[in-house]
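>>> need a structure here:
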Amino acid sequence: MKNKFTYEGAFKNGLREGLGTETHNDGTQYVGNFLAGKWSGDGIVTYKDGRQYKGFFLNGMYEGQGILTQ
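Have a look, this model is predicted:
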């Protein structure tokens, strides 16, 4: 089953862009910046088990400095 999500935030040319919140049906939530529909820039991702990553993202991946708490 494909991971479904809801999104609240800015769009540009039909893609998620700017500040927004993406909440997945598995309990994962990302709050931060989007670029061309992907997590890019400063953001916070929280997983359903309580782990949280605060830092920088590029093309939907952790990039550079960040803090992971468990």
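
>>> Sketch out the low-pLDDT regions of this structure for me.
1-2 (pLDDT under 70).

>>> wouldn't Gly41 be in contact with Gly20 here?
No: using Cβ atoms under 8 Å, Gly41 is not in contact with Gly20; the gap is 10.9 Å. All C-beta atoms are positioned from the backbone trio N, CA, C, and that covers glycine.

>>> more neighbours, the two?
Gly20 (18 against 14; other Cβ atoms under 10 Å).

>>> Tell me which helix or strand that one sits in.
strand 15-24 (DSSP states H and E).

>>> which parts of that strand are buried?
For strand 15-24, burial by neighbour count (16 or more other Cβ atoms under 10 Å) applies to Arg16, Glu17, Gly20, Thr21, Glu22, Thr23.

>>> for stretch 58-66, which positions count as buried?
Under 16+ other Cβ under 10 Å, stretch 58-66 has no buried positions.

>>> Helices along the chain, start to end?
Taking DSSP state H, the chain contains no helices at all.

>>> show me what contacts the residue nearest the centre of it?
Geometric centre of the chain, nearest residue: Tyr30, 3.3 Å, by Cα atoms, centre = their mean. By Cβ atoms under 8 Å, 6 or more residues apart in numbering, Tyr30 lies in contact with Thr21, Glu22, Trp39, Gly43, Ile44, Val45, Thr46.
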